[in-house]
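Novice: Here is a sequence with its predicted model. Questions after.
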Amino acid sequence: MYEAKTFNIPSLDGISSQTIEEHLGLYNGYVKNLNHILDSLKQVVDPYAKREMQRRMGFEFGGMRNHEYYFAQFEEGSKSLPPGKLKELIEEQYDNVDSFVDSFKEIASTRGVGWVIAYIDKSVNKLVMTWVDEQHLGQLVDVDMVLALDMWEHSYMLDYPPSKKKDYIEAFFRNLNWEVVAGRV
């Protein structure tokens, strides 16, 4: 069974502690629901019900794992991108960090609920960014998650109305611990 992780998230600039607290509650729900599905699958006999539970498992698992990446990026507070492989990849593909961030923010402006995720494709040593619907629809295969931004309303609605979600995106980057992100490459 999976266990919910704990995160050392300091006070954030532009993202309230109430938002983080509520958001962590949702994360804990994903872990609980995933465990419930895994446990229940052992007892379900009806093949249709089993298949539907398996389908739902992808949503719950994605919700759990994406949030673990998301919250870990705030631990220990905002820190700049250190020299190293991630910075080199960004500069090689985007010329500079600001261009990379601007590209990421542009994807974050997508309408709907989901995630913006940057991955590293180690087979070609390149960064790839995409929008992931909900938690799981559109996740890329055989790549490692590097940077994850939750764009579901629950991640910003207590602090920003939908018309101001760009302010949430800015707050996300102000609070990002780039050392954590760089450590994923």
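Specialist: Received, thanks.
Novice: Skip the chain neighbours and tell me the closest residue to the residue nearest the centre of the chain.
Specialist: Among the residues of the chain, the one closest to the centroid is residue 148, at 3.4 Å (C-alpha atoms, centre = their mean). Excluding its sequence neighbours, the residue lying closest to residue 148 (C-beta to C-beta, 6 or more residues apart in numbering) is residue 69, at 4.1 Å. The way it works is simple: take the backbone N, C-alpha and C, and place the C-beta from them, glycine included.
Novice: go on, residue 15?
Specialist: residue 171 (5.1 Å).
Novice: any idea how far residue 165 is from the one you found?
Specialist: Taking C-beta to C-beta, to the nearest Å as the measure, residue 171 and residue 165 are separated by 10 Å.
Novice: how about the helices in this structure?
Specialist: Counting by DSSP state H, residue ranges of the helices within the chain are 17-41, 47-72, 85-94, 97-108, 165-175, 178-182.
Novice: Export those to JSON lines and append columns for distance to residue 142.
Specialist: As requested, the helices of the chain are arranged in JSON lines below (distance: least, C-beta to C-beta, whole Å):
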{"stretch": "helix 17-41", "distance to residue 142": "22"}
{"stretch": "helix 47-72", "distance to residue 142": "16"}
{"stretch": "helix 85-94", "distance to residue 142": "17"}
{"stretch": "helix 97-108", "distance to residue 142": "20"}
{"stretch": "helix 165-175", "distance to residue 142": "27"}
{"stretch": "helix 178-182", "distance to residue 142": "20"}
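Novice: Can you convert those into a markdown table and add a column each for distance to residue 121, mean neighbour count and mean pLDDT?
Specialist: Supplementary listing: the helices of the chain in a markdown table, determined by distance: least, C-beta to C-beta, whole Å; neighbours: other C-beta atoms under 10 Å; pLDDT from 0 to 100:
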| stretch | distance to residue 121 | mean neighbour count | mean pLDDT |
| --- | --- | --- | --- |
| helix 17-41 | 26 | 15 | 97 |
| helix 47-72 | 17 | 17 | 96 |
| helix 85-94 | 10 | 16 | 98 |
| helix 97-108 | 15 | 16 | 98 |
| helix 165-175 | 23 | 18 | 98 |
| helix 178-182 | 16 | 19 | 98 |
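Novice: ok, residue 104 - contacts?
Specialist: Under the criterion of C-beta atoms under 8 Å, 6 or more residues apart in numbering, the neighbours of residue 104 are 116, 118, 129, 147, 149.
Novice: Drop anything exposed from those residues.
Specialist: The neighbour-count criterion (16 or more other C-beta atoms under 10 Å) marks 116, 118, 129, 147, 149 among these as buried.
Novice: My guess is residue 22 contacts residue 158. True?
Specialist: Yes: here residue 22 lies in contact with residue 158, judged by C-beta atoms under 8 Å, at a distance of 6.7 Å.
Novice: Which segments of this protein make up each domain?
Specialist: For the chain, whose domains are defined here by automatic domain parsing, the residue ranges read 17-72, 85-182.
Novice: Adding distance to residue 78, write those domains out as TSV.
Specialist: Putting these into TSV (distance: least, C-beta to C-beta, whole Å) gives the following:
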stretch	distance to residue 78
domain 17-72	14
domain 85-182	5
